[in-house]
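Q: Take a look and give me a structure for this.
(chains A, B, C and D, ligands or ions: 1)
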Amino acid sequence: MARVVVDVMLKPEILDPQGQAVANALPRLGVNDVASVRIGRRVEIDFAGDADLERAREIADKLLANPVIEDYEIRVVEAA
Amino acid sequence: MARVVVDVMLKPEILDPQGQAVANALPRLGVNDVASVRIGRRVEIDFAGDADLERAREIADKLLANPVIEDYEIRVVEAA
Amino acid sequence: MNDITIDSVKNAEATPDELQPYLELGLKDDEYQRIRQILGRRPTQSELAMYSIMWSEHCSYKSSKVHLRQFGEKAPPSDRMLAGIGENAGVIQINEKIAVTFKVESHNHPSFVEPYQGAATGVGGIVRDILAMGARPILVMDSLRFGAADHPDTQRVLPGVVAGVGGYGNCLGLPNVGGEVFFDECYQGNPLVNALSLGVLPVDGLQRKEADGPGNIVVLMGAKTGRDGIGGVSVLASATFDDESQQRRPSVQVGDPFMEKLLIESCLELYAAKLIVGVQDLGGAGLTCALTETAASAGTGMDIQLEKVHLREASMEPHEILASESQERMLFIVEPGKLDAVLGIAQLWGVIATPIGVVTDTGRVRITFHGETVVDVPPGSLADDGPVYARPLREPADLILLQADRAETLPRPHHDFQLKDTLLKLAASPNLCDRSWVTEQYDRYVLGNTVLAQPEDSGIVRLDEETGLGVALSLDCNSRFARLDPYEGAKLALAEAYRNVAVTGAEPVAVTDCLNFGSPEDPSVMWQFAEAVRGIADGCQELGIPVTGGNVSFYNQTGAVAIHPTPVVGVLGVLENTAQRIPMGFSHTGDVLVLLGE
Amino acid sequence: MSKIGVVTFPGSLDDGDAARAARISGAEVVRLWHADPDLHGVDAVVLPGGFSYGDYLRCGAIARFAPVMETIADAARGGMPVLGICNGFQILCEAHLLPGALTRNQHLHFRNRDQWLRVENSSTAWTNHFTEGQEILIPVKNGEGCYVADRRTLDELEAGGQIVARYIRGNPNGSSRDIAAIRNEAGNVLGIMPHPEHAVEALTGPSLDGLGFFSSVLKHLADAKAAA
Ligand SMILES: Nc1ncnc2c1ncn2[C@@H]1O[C@H](COP(=O)(O)OP(=O)(O)O)[C@@H](O)[C@H]1O
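A: Numbers count the residues shown, from 1 in each chain, chains lettered A, B, ... in the order given. The predicted structure is shown next:
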């Protein structure tokens, strides 16, 4: 079993209301030194056999990320 | 500027309908060697000054994750 | 994990003196002794789990049963009622062809722990009850109570609950046509989330839960079974019980409304094609309840092979599988010749369906796990013959003082600026202010039959496009009244819901209720409960409409302090033609205002 | 009689309502199934609202790969009128039949309200019965209805008359430039976030304005037949 992680984040120029909501809530927790928060998706793909980065990239391109608004990064990690 | 990343994932025993929906869609993309997909949140916290892991952990505990159903991991990364 | 030996019936017979954690599972000494008597031996782990679940307050109604009987005894005769208390939900005939089924249920505690999922799975659960009667669910309503509006915990719980009710109902495609939101400090540590659903079915399409016909196949359909909601039963893994094993056992369930939507469509196809003998939803008590209730109500037995259940985690043990509260599952009884057709419909909708056993004429539910018998019980002993308590009742000591503190003693406004202040205060108070922050998060348009929804006093939904036939529903309670006088307070809740339905032009025909109270072991709570039930039963008798079903939720308290008694009452009305409904608000300038009553 | 196809994906919710609206407008309705690539001779297609495949990843992301979508994409490129409502709009964007994307409402809540729109373009297959500048009242209900695109795309939409309707008297989801509906260049494919199918009967809707979309396409189809 091998795991590939795809991190999908909104492009920097796209507004991230969820991240902003968290950032806005921080002062209430007494946190004032955070400049910004952004929230994206972390997708863990477990392959039955070897980690297949090519395949994972294909999945990310077609399904996991919408290139109009999102960027992604992809990497193999050790499965837990 | 320093960035802390918090990866929030559903605990392994908790149902992940999102991941399941993606896993079920993969065969239609011609992908058949994926055993499972799980989807969580990736939160990027940019600190104005130094990365403050303690602070980030507090934010994660109080705001980002519900410990009843979610686990999180936290680490400092180089800001992009 | 693999070194755990399964506690089989054989093993239980060989080790009669093994200590069992029945107290931790909430069973009393005499209850445990009765189980040993019924079985003629000590129960296995799995059996103990099953009894502890089925004999819990939640499943057995052991404290409320003696009071709830009044609903049947005092009920006026109704030729509309096709199914009543004891079924998954009451069924009311609307005309020669159409019937509806409706019920309100609580999901209070889970909604405090994980507001979004707690509320979401509350909606999912009540919808499956409706589905199990043979009906297509067509609407939801929700009655919500929180602590003080400005308390930080309310700010955590309320948005999550509202998003959860909306998230699940919207994704199922069920319009939300009404409900309540109230704030009171008594709910600070114990918010109330009561959800109602209503469904429509053909009069001859009523489904039964009986597992009739030895030789018929038992089929489990829907989501895979995981370790959801089995926190309590986890003490059974005592051999390995440590922090880690407890961690594996979440007591919160995560809902999958998409799966439920597929389940609804599959079930309705199965019903329409007359492919099943019996059906039961899997609710709070999971497989345990579904297997024993279907067998007990038919007077049959079952042989179940538990390893056939599709699991989310392969390492699950038999008692965990039996206790799992995984959502979005249904159980069917199917004739062998129709099995392929049933599995075909499931496949069409992309839902897993698995034969897990057969109906027998043994009068025993026997469950094996990889060949070892782990359960061998008479199902009626779990489903019907649980303990029943007539608990002590005592009027709360502070009631006299509360009642003495009357509104007449409050200072009256004497100047117009004081009146203005009072008015502004009222308008701004969380209990009276605009509800659209909540209601805008709910889809009220889907299905295209919503005739009235917020901000109206009751929701109206059209059932038949040609004739305009429809139903009206209202869900109400004022728990401050109920605290002052639970008998009159419950009657007032009923009267309010009745009026809300009647003013639309609908004829009120039936009642459902959700009775939210503190601990039944506290005599003053039990007194409040008894009074409230008496109030609803008497009120229904006077109004001439029956209670068709509902739900009791006890143990709503923080420490020793109970919530206000909160008997939420839902009234169903019928409108021959929804086009004739009377909305609230003034229609035309020049209309005459008339005040009825004192 | 013109045939309007209404697609049902697993998780579609407003498919029955779209069918009802088409029927009330005088169309013959054909129900299409996500797994069946055959369009069964329909003249136009509606992708209805709902939560296809639970909308768990991104709304519309999975529905885009349904067998019926390939046929519909080809037909749309060939000029067949296609209307995507809410989830249908999301699917059209995911399938790149329309530019841009629909993201989480800026206030992060699902929002259901009766919404005023201004029709900005009546040269599409689905809006020719409206007059430009006409104000209509249609229910909106979505969690991810905030339309985004890069500035160039937005400017192009603007310049090309591809913005078909805008929110007025309040933007319910934070949509860029108050966009409620857009069309493709050819004008046969329309994506709209509010729900015309919920404004077709006086008893159940806030107006009858939704009927205009369906009568428009029927006129469009009749004109095309007359011209042929
Ligand atoms: N939790 C809720 N879910 C759905 N509708 C609600 C909810 N709470 C309130 N509503 C609706 O909002 C409207 C106003 O509610 P409320 O202020 O309680 O009215 P009233 O005081 O007239 O009973 C009613 O139509 C009611 O059904």
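Q: which secondary structure elements does the longest helix anywhere in chain D contact?
A: Counting by DSSP state H, the longest helix found in chain D is helix D:211-227. Counting contacts by 3 or more C-beta pairs under 8 Å, 6 or more residues apart in numbering or on different chains; DSSP states H and E, helix D:211-227 packs against helix D:15-24. Glycine gets a C-beta too; all of them are placed from N, C-alpha and C.
Q: one more time with 6 Å
A: Contact partners of helix D:211-227 among helices and strands, from 3 or more C-beta pairs under 6 Å, 6 or more residues apart in numbering or on different chains; DSSP states H and E: none.
Q: Of all the residues in the longest strand along chain A, which ones are buried?
A: What stands out as the longest strand in chain A, according to DSSP state E, is strand A:34-47. Of all the residues in strand A:34-47, those buried under the rule 16 or more other C-beta atoms under 10 Å in any protein chain shown are A:34, A:36-47.
Q: Next: stretch C:188-208.
A: So for stretch C:188-208, counting by 16+ other C-beta under 10 Å, buried means C:188, C:190-201, C:205-208.
Q: Give me the subset of these lying in strands.
A: C:192, C:193, C:194, C:195, C:196, C:197, C:198, C:199, C:200, C:201.
Q: any idea whether residue C:287 is helix, strand or coil?
A: helix (DSSP: H, G, I helix; E, B strand; the rest coil).
Q: ok, it to chain B distance?
A: From residue C:287 across to chain B, the span is 16 Å (C-beta to the nearest C-beta, to the nearest Å).
Q: just residue A:10 next, same as before
A: Using C-beta to the nearest C-beta, residue A:10 is found at 11 Å from chain B.
Q: now swap in residue C:179 and tell me
A: Taken as C-beta to the nearest C-beta, the span from residue C:179 to chain B is 25 Å.
Q: and what of residue C:256?
A: 4 Å.
Q: the helices in chain A, which residues?
A: Under DSSP H, chain A gives helices at A:17-25, A:53-59.
Q: which ones are touching residue C:146?
A: C:154, C:158, C:183, C:187, C:191 (C-beta atoms under 6 Å, 6 or more residues apart in numbering or on different chains).
Q: Recalculate using a threshold of 8 Å.
A: Residue C:146 is in contact with C:154, C:157, C:158, C:161, C:181, C:182, C:183, C:187, C:191, counting by C-beta atoms under 8 Å, 6 or more residues apart in numbering or on different chains.
Q: and what of residue C:502?
A: Applying C-beta under 8 Å, 6+ apart, the residues contacting residue C:502 are C:508, C:573.
Q: Kindly report the same for residue D:42.
A: Contacts of residue D:42 by C-beta under 8 Å, 6+ apart are D:3, D:4, D:5, D:30, D:32.
Q: what about dumping the CA coordinates of the helix or strand where the fourth one lies to CSV?
A: It stands for residue D:30. Assigned by DSSP states H and E, residue D:30 falls within strand D:28-33. Output of strand D:28-33 as CSV, limited to C-alpha atoms (Å, rounded to 0.1, in the frame of the first residue of the first chain):
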residue,chain,number,x,y,z
GLU,D,28,-43.1,17.2,-24.2
VAL,D,29,-40.8,16.1,-21.4
VAL,D,30,-38.3,13.2,-21.8
ARG,D,31,-36.5,12.0,-18.6
LEU,D,32,-32.8,11.2,-19.3
TRP,D,33,-30.7,9.0,-17.0
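Q: For the following helix or strand past it, the averaged confidence score.
A: Going down the chain from strand D:28-33, the next helix or strand is strand D:44-47, by DSSP H and E. The predicted model gives strand D:44-47 an average pLDDT of 98.
Q: do the same with stretch A:68-80
A: Rounded mean pLDDT across stretch A:68-80 is 87.
Q: Just the buried positions in it, please.
A: A:68, A:69, A:70, A:72, A:74.
Q: So what touches it?
A: Under C-beta under 8 Å, 6+ apart, the answer for stretch A:68-80 is A:1-11, A:14, A:40, A:46, A:51, A:53, A:56-57, A:60, A:64-65, B:12, D:93, D:99-101, D:103, D:148-149.
Q: What parts of chain D come near chain A?
A: D:57-58, D:61-62, D:65, D:93-94, D:99-101, D:103-108, D:146, D:148-150, D:174 (C-beta under 8 Å from any C-beta of the partner chain).
Q: Show me which of the buried residues of strand A:34-47 is closest to residue D:82.
A: residue A:41 (29.0 Å; C-beta to C-beta).
Q: May I have the beta-bridge partners of the closest one?
A: residue A:8, residue B:41 (DSSP bridges).
Q: Which among the helices of chain A is found nearest to chain D?
A: Closest approach to chain D among those (C-beta to the nearest C-beta): helix A:17-25, 4.7 Å.
Q: element containing residue C:105, please.
A: strand C:98-106.
Q: Following element in sequence after that strand, please.
A: helix C:108-113.
Q: Contacts only, for the closest residue to residue C:73 other than its chain neighbours.
A: Among residues not flanking residue C:73 along the chain, residue C:537 sits closest, at 7.7 Å (C-beta to C-beta, 6 or more residues apart in numbering or on different chains). Residue C:537 makes contact with C:70, C:71, C:73, C:74, C:75, C:547, according to C-beta under 8 Å, 6+ apart.
Q: before we move on, back to that, out of the buried residues of strand A:34-47, which comes closest to chain C?
A: Out of the buried residues of strand A:34-47, the member with the shortest distance to chain C (by C-beta to the nearest C-beta) is residue A:46, at 14.4 Å.
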